[in-house]
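S.K.: Please work out how this folds:
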Amino acid sequence: ECLRAVVDTSISGKRVVRELVDLVAERGRPGMIVSDNGTELTSNAVLVWSGEAKVEWHYIAPGRPMQNGYVESFNGRMRDELLNETLFLSLAHARAVVRAWADDYNTERPHSALGYATPAAFASEIEKQRPGRVQAVASDALARHNNRRSLVPAG
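M.R.: Residues are numbered from 1 along each chain as shown. As a prediction, this is how the structure comes out:
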C-alpha cells in the first residue's frame with residue numbers, strides 16, 4: 001500500500017520524520033522499517049526518531065535493491081507508469097497527478113502477492129484482525145501470569 005507519496009523539490013530527514021510521526025498516529029508503530037541508504041533516510045533526524053520511537057531501522061546493503069523487493073518493485077512501477085511518462089507543469093500538478101496514481105494503485109489494482117486484493121482492501125482486513133490478535137496475545141499472557149505458582153521459601 002502506498003501510505004505516502006510526498007512530492008517536493010527536495011525531502012529532508014526532518015520531513016521524513018514528520019511524515020512518519022503522522023503515519024504512526026494513523027496506523028500504529030511498526031516494529032521495523034527497511035529502507036535503502038538515501039541521505040534523507042540516514043539523517044540524524046531519522047536516526048534519533050527511530051531510537052525515540054523504538055522502531056528498529058534496517059538499511060539494505062548498498063547496490064542490493066532485491067533486499068527490499070516489494071518497495072523497489074513499487075518504485076519501478078511508479079517510475080515506469082507515471083514519472084517517466086508525465087510532463088509535470090508545476091509542483092501542484094505533480095502532487096495532484098501522483099496522488100491520483102497512488103489512490104488508483106491502492107484502491108483499484110488487485111495484486112497477486114495480496115491474493116488479488118487491492119492494497120487498501122488487504123490493509124483493511126489486516127486492521128480488522130489486529131485488535132483481536134493483540135487482545136488474544138494479551139489474554140494469553142495474562143492467563144500465563146495468573147497460572148504461575150507462587151514460590152514459598154522452604155524451611
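
S.K.: which secondary element of this protein has the worst mean pLDDT?
M.R.: Using mean pLDDT, DSSP states H and E, the weakest-scoring helix or strand in the chain turns out to be helix 119-146, at a mean of 62.

S.K.: Name the residues linked to M32 by a beta bridge.
M.R.: Counting by DSSP bridges, M32 is bridged to E56.

S.K.: thought it was touching A53?
M.R.: No: between M32 and A53 no contact is recorded; they are 11.6 Å apart, counting by CB atoms under 8 Å. (C-beta placed from N, C-alpha, C; glycine too.)

S.K.: the more surrounded of those two?
M.R.: Per other CB atoms under 10 Å, whichever of M32 and A53 has more neighbours is A53, with 15 against 9.

S.K.: Return the residues in contact with the more buried one.
M.R.: 20, 24, 29 (CB atoms under 8 Å, 6 or more residues apart in numbering).

S.K.: So which residues of this protein form helices?
M.R.: In chain order, the chain shows helices spanning 13-27, 44-53, 69-78, 91-107, 119-146, with DSSP state H as the criterion.

S.K.: How about residues contacting the third one?
M.R.: In this case it means helix 69-78. With CB under 8 Å, 6+ apart as the contact definition, helix 69-78 has outside contacts at 2, 5, 34-35, 65-66, 101, 105, 113.

S.K.: Would you point out the most distant pair within the residues you listed?
M.R.: M66 and W101 (24.3 Å; CB to CB).

S.K.: before we move on, back to that, which of the helices of the chain sits closest to I60?
M.R.: With CB to CB as the measure, helix 69-78 is the member of these nearest I60 (9.1 Å).

S.K.: what's the model's confidence in the closest one, averaged?
M.R.: Mean pLDDT, computed over helix 69-78, is 93.

S.K.: send the alpha carbons of it over as PDB?
M.R.: These are the backbone C-alpha positions of helix 69-78, laid out as PDB (Å, rounded to 0.1, in the frame of the first residue of the first chain):
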ATOM      1  CA  GLY A  69      12.000  -6.100  -3.300                       C
ATOM      2  CA  TYR A  70       8.400  -5.000  -2.700                       C
ATOM      3  CA  VAL A  71       9.400  -1.400  -2.300                       C
ATOM      4  CA  GLU A  72      11.800  -1.500  -5.300                       C
ATOM      5  CA  SER A  73       9.000  -3.100  -7.400                       C
ATOM      6  CA  PHE A  74       6.600  -0.400  -6.300                       C
ATOM      7  CA  ASN A  75       9.200   2.300  -7.100                       C
ATOM      8  CA  GLY A  76       9.800   0.800 -10.500                       C
ATOM      9  CA  ARG A  77       6.200   0.600 -11.400                       C
ATOM     10  CA  MET A  78       5.600   4.300 -10.300                       C
END
